[in-house]
Structure formats: structure tokens, C-alpha cells
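Chemist: Dropping a prediction and its sequence here:
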Amino acid sequence: MSPAPQPIRDDERVTGWGGMAVAGREVRSENLECLTKDVVLTRGLARSYGDSSLPPPSRPVVASTVLADRLIAFDPATGRLRAEAGYSLHELYRTFLPRGWFTPVSPGTQFVTLGGMVAADVHGKNHHVEGSIGRHIRELKIRVGMGEIVTCSREVEPELFRATIGGMGLTGHILEVELTLANIPSPWIYGITHRIGDIDEFVVALKRAAAEWPFTMGWIDCLSRGRHMGRGVLFAGRWAMPDEAPRHPPRPRPRVTVPFVCPDWVMGHTVGRVVNAAIYRAHRTRPRPSVVHPEPFFYPLDTLRQWNRLYGRRGFTQHQCVLPESAGTGAVRSLVELLTRQGAASFLCVIKDCGDEGEGMLSFPRRGVSIALDMPIRENTQAIIDALNAFVIEAGGRVYLAKDTFTRAEDFHRMEPRLAAFDAVRRRWDPQRRIRSAQSVRLFGDQP
Amino acid sequence: MTVVILGASKGIGRAVARQLAVRGDRLCLLGRDVAELERSARDLEIRAGQSSQPVAVAACDLADPGTFAPALDAAAAALGRVDTVIVTAADFATQAELEADRDHLQRLLIVNFSNTVLFCEDARTRLLPQGGTLCVVSSVAGDRGRKPVILYGAAKAGLSRYLEGLDHKFRGQGLKVVCVKPGFVKTGMTAGLKPPPFAGEPDGVARDIVRAIDRGTPVVYTPRIWALVMLVIRWLPRSVMRKIGF
């Protein structure tokens, strides 16, 4: 009994997390199989920063999975969980963490759906140990471009399975996901945090921490200059053992919502420098282990709901790249120096070392160091991204499509020797390339 | 508590069912599509975890009053006794769609008013001997004749009045009647519409409903702010209502 489709009104917009908007409409229904019949793209909670979840101009309707969020099966003996694609990590956290189960790989926010996690092949603080989420996916149910519904896994239609992991939803609409949860000793985190003096020290410290801890991540103050350039804070941890953890389960944390879209100066240089310096000074110089709540450890930004509004009307973008080990140890410093030379102000910069490449045909992580730079969109953003991408291509690295808004098609092709294999899978399941997004129009050469 | 829910597969009903299941209530889901109900039942059982009780299902179509009594009896058989009956199922269409489609209008008026009342009557007669709660989702649309929801609102207005009468007559005999008046809620039902200010999420609305059932509140607006909004709307003179589009 859903309302009949109406033409898109002028004021209807579909928006990405970074604030980029296109004319279009998001449709929702509990019945995902029905909903995905006539659309060319499906999205989850729309946490991709750029245009990955935005529809192409000629087909402006995108299906949302968020109401299709039922659990289908859970086996407490093996941790195997099957759910509809709109089931969110937030729900998984609430339901399964107290029972001693959690996703083996968690991105930096819990407001993502299982379908979205598969499409972006998300990685987390433990990439050097557990790989990206694709490694833990067992089976997928997909509506492919030709319309039929296909179940795929490592055994059945493995090519489609591998292309869908990290395939940005371009191989079809993900309807159901089956994955294996990790059994955790307690719902608390045992970890250390401490300051790091500069960027070179950071790369070394991350490597050292990775040998010792399953979860590692670094926050860099990209606004400090000179000998403090690239100073920051290193976070490392593991699940706490039952005897280390508090007896009670972690309580839900209070959340504050940013009530309105802020003026530009909020994410300007001055405020940024003050806040970054304050964060830096709030942490200890020497590591001292402690037991911490899992929510601020995994999802520090989720405390502030709608934090994307801080960046103002023009929004923001993130440049996240991975620089392979072959690029050498100085590559990270060179990238940060390049950013500074461009006069770019990155308010938030996150560094993480990555383990081996996963099975996903277009999966982002590979062995090396990943650096994510959040920046408000200004007149020179395109030029900055172009310069950063030139460096990434030179270093043999690549960018993360789930964050990207500005990369040019020719640069993307230079970064992605794997594209031909991915295109071959798309040709088989969707010869007309019906399934597409604003991003695939921009980068994959799909018809607008 | 043992609860029968008509409309638990979708929207507000789904959110209410989840909160009740997680806190350990025993449920029976009623709806048109038994396969869908079974799927929702499995979802509820997994979410409930250790406190999980098997969730029962029974076929019941709000468009077919002949299915009401058998469904309620099947639920009673599955649950042993029924403490609470919740109705969240209803039809919806915009004013423009209903003006243009007379058949749909007739269907909607029958389902949302006549048949919902018939279902409540069947539930009432079963609840009365032992006492219990009847919770029905009406709408703020029934509080005032408003241009965007004249037809949908008319059926909901009738439903709200019926529930008010039930409360007056049967509260003393142990039947608590809860009339829920949601404002705009972001569910599949309203998916094609642009959310106005104060639009609610199903989870928050479900929390308000569960609280109202526990306390036996006769009328509950949700999200809460709509109580204030509708207070103002109810007091606006006709001359103003004719001019505004709300």
C-alpha cells in the first residue's frame, strides 16, 4: 500500500555525509526485494562521505535499506549471523555486545548498515590482524542488474562475491548478509593512549604497537608546524579479559546532537589549532594502561551526532589514501608536508597501518599506511585533492571510494589496475550497467 | 505480559514488538502474510536472546473481518491468556491520492475505521472478563479537520472517538484503553512524503507507546511535542484554518 511514485520536486535532495547533494529521492520500505526492482542504486545509512550513495542524474531515486533490518538467523555455537542488509552496527552493538559477540571488524562509526559495510569493505583499528570485513562475510544475497536474485559466497559464484565486497554497491543491490561474529572475552577495552612527538616517530610507533595490540590507530594534529609537525596521539588496545573488566556491562553513552549547520569559521584554522592542541595536551606523555568503554574507543565521533553540520553549508570531504610499504618510510611525512604546502587545513587526521589486501576486487586497504584527512570544502579543494592524488599515484597507493568526492576519473584509473577484472564481473551480471551511482558516473564511466 | 500485535511486521508495530520482546514479554503477531510474520518472529526471538520465548503468529487481514475472531482465538491458544492487544496496522494514502482514487478511498475508510472498530470489539469481548489493555494507534490527523489529511483524518477522528468512549465505559471494569496519536513518523508508510519539523523515529514512538501501555495512559501524543502542536491547532479559529495549509 505504498504511495504511487510522484515526480521529483525541485526541493528534493539526496545527500552524502560530507554534505554533497544531488536532486533525487530516497525511498524506503521494509520489503527490500520489492523496493529494489526499479531502482539503480541502494544505500544504507548514507555515511559514505562523497557521492558513493548518491543516484545518477537520469535515475534520481535511490532505495534505502534502513527499514529492512531483521535478523534472520544466529547460531550461538559458531557466531554466524544472517540479517537483512539494513541491519545496523548500532543495533548489533546493542544486542550482541552484552552477550559476548561483536563484529570482528568495526569502522569508525556504528551508524552503518551491514550492506554498507560490505559495499565499502570497511576496515577498522584491527586491520593488521583481522583484515577488512570481507574476510568475515560468508554469504551474500544480491539482486543483480539484470533483475534476478543471486546468492553468492566463496563456493558459489565466487567472482560476484569478491566483486561485491568493496564494490560500492555496483554489482547489485545487497539484500542479505551472513557473517561470522567474533567471540569477545568481555565488552570492555583494555588499552593505552599516549602522545607522539612528530610524524616520523608516529610511523615507527604504529608499527611497534601493531606487533603488540590488535587495535591500533593514530590521531594526528595536522595544523601544528615545524618540529611539532605531525604530532598526535596513539591509541592501542584489545578486549579486556573478564578479570580486568568491570562486572557491569558498558552503559549507553549520552549523545549530543549538533542542532544546526554551523558557520564556516567553526571549522576554520583558528578554532582547529586550539582544539587540536587541547586534544594533544589532554593525553599523557607516557603510556599507562587502563580499561575503557568500547563506545568512545571505537566510535569517538558518534558522541556528537550530526557532527557533519560543524563544517557549514559547503560541507567537507575526506581524502583517505593508503601508501604501500614500497613507498618507503618517508612517504607519510612527504604527504603531510604536501598538504601543508597546499595551504590545506585538515581538522582531523587519522593514521593507521594496514595488513594484507583482502579478497574484495576493489577493496581499499593494502599493506602499508592509511592516512585520512578531513577538510572543509573551499575554493581550492579540487586542487588540493589533485595534488594529493598525484602523490598517491606516484607512491603506488590508492584512495578510499567511500570517502571520495573529488578524485578525477583519469587519476582513479591510474590507481586501479584491478578495474578490468571488476568490470568483467559487472559485464556478466549487468551488461547494460544499469546499477550505478553518481560516483560510478564520475569514476567508472557509467552513463549519467 | 502476553501481547497480541496486529501490524508487527512493519513500522511502529515492528519497533514496539522489538522493545516488548527484548524485555521478555510473550508475543503473538497477527498480519496478512504468514511467511512475513514468521520472519519477523525469528527476528524478535534472536533479539530477545536468553529471555527469548517462542513468538507465535496467526493470519489476520484488517480488510477481512471474518479473520479477526479466529486470529484472536489462535493467539489466545498460543499464549495461554492475553493481557494486551495492540493495533498498529492501517492503510495510508495522501489527500491527493484519495481524492483521485475512489476505490482506494472506500478501502481506506473501511479498513481504518469500520474494520479497526470491529477488530477492537472482538478484542474487547475477549479482554473484558479478565481485564487487560487495548492499545490502538490512531493519529493526530483526527484531532482537527486539516486540509492535507481530510479523508485519512476523518477515519482516524472516528477511531479516536470510539476509543475515548471505550475508555469511559470500560475503565471501571478493568479494561484499559490507550489511544496513541503519533505525529509524523518516519516509516515506510510516510516514505514518499517530506518530513515536517518534529518528525519522529519509530524507536522513540515505540518507547512512548510501551510506557503508555504500562501506565494505562488513555491518550498519548508521540513524539511528545505533538501534544503542544495539536493543542494550538485545536484552538485555532475556522477563519485561520481556512487560510493555512497545515
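Modeler: Here it is on my side, so go on. Numbering: from 1, shown residues only, chains lettered A, B, ... in the order given.

Chemist: Could you use CA atoms for every contact and neighbour count after this?
Modeler: Fine.

Chemist: where exactly do the strands run in chain B?
Modeler: When secondary structure is read from DSSP state E, chain B shows strands at B:2-6, B:26-31, B:56-59, B:84-87, B:132-137, B:175-182, B:219-222.

Chemist: Tell me which of those strands lies nearest to chain A.
Modeler: strand B:26-31 (14.1 Å; CA to the nearest CA).

Chemist: which strands and helices sit next to that closest one?
Modeler: Strand B:26-31 is packed against strand B:2-6, helix B:11-22, helix B:34-48, strand B:56-59, helix B:68-79, with contacts defined by 3 or more CA pairs under 8 Å, 6 or more residues apart in numbering or on different chains; DSSP states H and E.

Chemist: what does stretch A:190-199 rub up against?
Modeler: A:202, A:227-240, A:244, A:280, A:283-292, A:332-333 (CA atoms under 8 Å, 6 or more residues apart in numbering or on different chains).

Chemist: Give me the mean pLDDT for it.
Modeler: For stretch A:190-199, mean pLDDT is 90.

Chemist: Ok, stretch A:226-233 next?
Modeler: According to the model, stretch A:226-233 has a mean pLDDT of 84.

Chemist: what does stretch B:160-168 give?
Modeler: 97.

Chemist: Now do that stretch: distance to the chain's middle.
Modeler: Relative to the centre of its chain, stretch B:160-168 is centred 14 Å away, using CA atoms, centre = their mean, to the nearest Å.

Chemist: Using CSV, write out the CA atom coordinates for it.
Modeler: Provided in CSV are the C-alpha atoms of stretch B:160-168 (Å, rounded to 0.1, in the frame of the first residue of the first chain):
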residue,chain,number,x,y,z
SER,B,160,-10.2,8.2,18.4
ARG,B,161,-13.8,9.0,19.5
TYR,B,162,-14.6,5.2,19.6
LEU,B,163,-11.5,4.6,21.8
GLU,B,164,-12.5,7.5,24.1
GLY,B,165,-15.9,6.0,24.5
LEU,B,166,-14.5,2.6,25.4
ASP,B,167,-12.2,4.2,28.0
HIS,B,168,-15.2,6.0,29.6
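
Chemist: buried set for that stretch?
Modeler: Applying a neighbour-count criterion of 16 or more other CA atoms under 10 Å in any protein chain shown, one finds B:S160, B:Y162, B:L163, B:E164, B:L166, B:D167 buried in stretch B:160-168.

Chemist: Same check on stretch A:425-442?
Modeler: So stretch A:425-442, judged by 16+ other CA under 10 Å, has buried residues A:425-426, A:429-430, A:433-442.

Chemist: so which two of the residues you listed are the farthest from each other?
Modeler: Among these, the pair separated by the greatest distance (CA to CA) is A:W429 and A:R442, at 21.0 Å.

Chemist: got the contact list for stretch A:163-172?
Modeler: Counting by CA under 8 Å, 6+ apart, A:41-42, A:52, A:118-122, A:134, A:142-145, A:160, A:359-364, A:401-402, A:422, A:425-426, A:429-430, A:435-437, A:440 sit against stretch A:163-172.

Chemist: what's the span of that stretch from first residue to last?
Modeler: 10 Å (CA to CA, to the nearest Å).

Chemist: relative to strand B:175-182, how tilted is the longest helix seen in chain B?
Modeler: If you go by DSSP state H, chain B has its longest helix at helix B:150-170. Inter-element angle recorded for helix B:150-170 and strand B:175-182: 160 degrees (by axes from the mean of the first three to the mean of the last three CA atoms, to 10 degrees).

Chemist: just checking, what packs against helix B:150-170?
Modeler: helix B:95-100, helix B:102-109, helix B:116-127, strand B:175-182.

Chemist: how does it look with 7 Å?
Modeler: For helix B:150-170, the packing partners by 3 or more CA pairs under 7 Å, 6 or more residues apart in numbering or on different chains; DSSP states H and E come out as strand B:175-182.

Chemist: by contact count, what packs against the strand it packs on?
Modeler: Using 3+ CA pairs under 7 Å, 6+ apart: strand B:175-182 touches strand B:132-137, helix B:150-170, strand B:219-222.

Chemist: before we move on, back to that, could the buried residues of stretch A:425-442 be laid out in JSON lines, adding pLDDT, secondary structure and distance to chain B?
Modeler: Shown next, in JSON lines, are the buried residues of stretch A:425-442 (pLDDT from 0 to 100; DSSP: H, G, I helix; E, B strand; the rest coil; distance: CA to the nearest CA, whole Å):
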{"residue": "A:V425", "pLDDT": "97", "secondary structure": "helix", "distance to chain B": "32"}
{"residue": "A:R426", "pLDDT": "96", "secondary structure": "helix", "distance to chain B": "30"}
{"residue": "A:W429", "pLDDT": "96", "secondary structure": "helix", "distance to chain B": "29"}
{"residue": "A:D430", "pLDDT": "96", "secondary structure": "coil", "distance to chain B": "28"}
{"residue": "A:R433", "pLDDT": "95", "secondary structure": "coil", "distance to chain B": "27"}
{"residue": "A:R434", "pLDDT": "96", "secondary structure": "coil", "distance to chain B": "23"}
{"residue": "A:I435", "pLDDT": "97", "secondary structure": "coil", "distance to chain B": "22"}
{"residue": "A:R436", "pLDDT": "97", "secondary structure": "coil", "distance to chain B": "22"}
{"residue": "A:S437", "pLDDT": "97", "secondary structure": "coil", "distance to chain B": "21"}
{"residue": "A:A438", "pLDDT": "97", "secondary structure": "helix", "distance to chain B": "22"}
{"residue": "A:Q439", "pLDDT": "97", "secondary structure": "helix", "distance to chain B": "24"}
{"residue": "A:S440", "pLDDT": "97", "secondary structure": "helix", "distance to chain B": "26"}
{"residue": "A:V441", "pLDDT": "97", "secondary structure": "helix", "distance to chain B": "26"}
{"residue": "A:R442", "pLDDT": "97", "secondary structure": "helix", "distance to chain B": "28"}
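
Chemist: Now do stretch A:236-248: distance to the chain's middle.
Modeler: That offset, for stretch A:236-248, works out to 26 Å (CA atoms, centre = their mean).

Chemist: same thing with stretch B:134-142?
Modeler: Distance, centroid of stretch B:134-142 to centroid of chain: 6 Å (CA atoms, centre = their mean).

Chemist: From one end of that stretch to the other, what's the distance?
Modeler: Stretch B:134-142 stretches 19 Å from its first residue to its last (CA to CA).

Chemist: now swap in stretch A:12-19 and tell me
Modeler: 14 Å.

Chemist: Determine if any part of that stretch is in contact with chain B.
Modeler: No - using CA under 7 Å from any CA of the partner chain, stretch A:12-19 stays clear of chain B, coming no nearer than 8.4 Å.

Chemist: which outside residues touch that stretch?
Modeler: A:21-26, A:46-51, A:53-54, A:308, A:314-317 (CA atoms under 7 Å, 6 or more residues apart in numbering or on different chains).

Chemist: hmm, back to that, buried ones among the contacts of stretch A:190-199?
Modeler: A:202, A:229-240, A:280, A:283, A:291-292, A:332-333.

Chemist: Pull up the residues of chain B that are close to chain A.
Modeler: Residues of chain B lying near chain A (CA under 7 Å from any CA): B:10, B:39-40, B:42-43, B:46-47, B:91, B:93, B:188-189, B:191-192.
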